[in-house]
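**Q** Structure for the following, please:
(one chain, ligands or ions: 1)
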Amino acid sequence: MPELNVNGVPLRVGNIFCIGRNYAAHAAELGNALEAEPLVFLKPTSALLGEGEPITLPAYSQDVHHEVELVVMIGKGGADIAEADALDHVAGYGIGLDLTARDVQAEAKRKGLPWVKAKGFRGAACMSAVVDASQVPNPQALHFSLTVNGEVRQQGDSAMMLFPVATIISTLSRLYGLSEGDLIYTGTPEGVSALKSADTLVLSLDGLVTASWRVA
Ligand code: MG
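**A** Numbers count the residues shown, from 1 in each chain. Prediction:
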């Protein structure tokens, strides 16, 4: 099982939860309606890709999109966590990519099928180093960005989330339970677009951590 270091302590990654349509401008750019509760999907742990590993685009897609996202790592698990207590359950924060085979996702949506093939391929969950939660007093006040080949493609502000981190944690704990080592990809702002071979991606989380990947 893959591990991530938090303050030098390795934490085994558990579930990889992802939230869709959590920024209004991104939902609009894909023509999606907004949801009344967080839209949750999952990636397998085998999708996790640490920094420095090449991104391999799946052969069955011609349209793999980058989605830069604030990622929450759970330190203390629980069920039915109250929103007021939710941030106490966070081990740390990172910046990651919810890579998405958009053509495959579009076909799955048309057919009413799950998104796993579009969202769960190997390397589809890129994740930076984890910043200890003590360095992030307010996760709703974080700016983050993605450049591709030096050009800014996405800029996010976590204040614009439709469902804030505490609400997401409370909801996931109520519906599925949360465990130490679970990751939560919190949704992407607008500006998603296709990747191509040899692209270099640089992600930055508010001066706290950066990470980069190259597309094979
Ligand atoms: Mg996403």
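
**Q** how deep is residue 44 tucked in, by neighbour count?
**A** Residue 44 sits with 15 neighbouring residues when counted by other CB atoms under 10 Å. C-beta coordinates here come from the backbone N, C-alpha and C atoms, glycine included.

**Q** Now it. Nearest residue, chain neighbours left out?
**A** With sequence-adjacent residues excluded and distances taken as CB to CB, 6 or more residues apart in numbering, residue 44 is closest to residue 120, at 5.2 Å.

**Q** Quick check: end-to-end length of stretch 139-146?
**A** The stretch stretch 139-146 measures 18 Å between its terminal residues, going by CA to CA, to the nearest Å.

**Q** Going forward, the N-terminal residue is numbered 159.
**A** All set: I'll call the first residue 159, so the last point we hit is now stretch 297-304.

**Q** That one and the ion, any residue contact?
**A** No. Remark: stretch 297-304 sits outside contact range of the ion, by CB under 5 Å from the ion, the gap being at least 12.2 Å.

**Q** got the buried residues for that stretch?
**A** Residues of stretch 297-304 classed as buried by neighbour count (16 or more other CB atoms under 10 Å): 297, 300, 302-304.

**Q** what mean pLDDT does it have?
**A** Averaging pLDDT along stretch 297-304 gives 98.

**Q** What's the per-residue pLDDT of the residue nearest to residue 202 here?
**A** pLDDT recorded at residue 278 is 98.

**Q** So what does it look like in phi/psi?
**A** Dihedral angles of residue 278 (phi, psi; degrees, to the nearest 10) stand at phi -120, psi 10.

**Q** That one is in contact with residue 206, isn't it?
**A** No. With contact defined as CB atoms under 8 Å, residue 278 does not reach residue 206; the gap is 10.7 Å.

**Q** nearest spatial neighbour of residue 313, skipping sequence neighbours?
**A** With sequence-adjacent residues excluded and distances taken as CB to CB, 6+ apart, residue 313 is closest to residue 303, at 4.8 Å.

**Q** Any chance of the backbone angles for that neighbour?
**A** Torsion angles, degrees, to the nearest 10, at residue 303: phi -150, psi 160.

**Q** List the residues that contact it.
**A** By CB atoms under 8 Å, 6 or more residues apart in numbering, the residues touching residue 303 are 226, 310, 312-314, 361-362.

**Q** element containing residue 359, please.
**A** strand 358-363 (DSSP states H and E).

**Q** Could you do residue 230 as well?
**A** strand 226-232.

**Q** Is any residue of that strand near the ion?
**A** No. Judged by CB under 5 Å from the ion, strand 226-232 stays clear of the ion, getting no closer than 5.7 Å.

**Q** Can you identify the element that follows the strand of greatest length in the chain toward the C-terminus?
**A** Longest strand of the chain, by residue count under DSSP state E: strand 248-256. Next helix or strand after strand 248-256 toward the C-terminus (DSSP H and E): strand 258-259.
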